[in-house]
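[1] Next comes the sequence, and after it the predicted model I'd like to discuss.
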Amino acid sequence: MKVDEGFKKLGEIKRGRQIKPPFYQWQDLALRIINELNIPSFKRNSVFKVCKENDKNLILGCLNDTKELCQDGPKWKYFFKLISEGNKKDG
């Protein structure tokens, strides 16, 4: 039986939370892309959508090309440009 511990401080509650791992592989891939390319917060949903709707090999290829070819400027813009070109070739 659980013992009532009374009121807790907000910091104690946050420390007790566990971070859930991604349920799908595409979610893990999207989180990896967000971290590696420093995707701004207003574009993060687009990364999840792209990873969910496209093949993993296409996504990884575009990620590698972005890292190799984009030396200056925002890498995330170049990544989305490659993804859109990849979709045109497939469709």
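    Sure thing, it's come through. Everything numeric in this text was worked out from a predicted model, so none of it was measured.

[2] switch to C-alpha atoms for all contacts and neighbour counts from now on
    Will do.

[3] residue ranges of the strands in this protein, please?
    Using DSSP state E, no strands are found in the chain.

[4] remind me which residues of it are low pLDDT?
    Along the chain, the parts satisfying pLDDT under 70 run over 1-6, 8, 13-14, 16-19, 90-91.

[5] which one's the longest helix in it?
    Using DSSP state H to define each element, the chain has its longest helix at helix 75-90.

[6] Buried ones in that one, by neighbour count?
    Under the neighbour-count criterion of 16 or more other C-alpha atoms under 10 Å, helix 75-90 has 75-76, 78-80, 82-83, 86 buried.

[7] Please state the offset of it from the chain centre?
    Centroid separation between helix 75-90 and its chain, computed with C-alpha atoms, centre = their mean, to the nearest Å, is 16 Å.

[8] so what's residue 76 up against?
    37-39 (C-alpha atoms under 8 Å, 6 or more residues apart in numbering).

[9] picking that back up, columns distance to residue 51 on top of the buried residues of helix 75-90, output as CSV?
    Formatted as CSV, the buried residues of helix 75-90 follow (distance: C-alpha to C-alpha, whole Å):
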residue, distance to residue 51
75, 17
76, 14
78, 16
79, 12
80, 11
82, 13
83, 10
86, 13
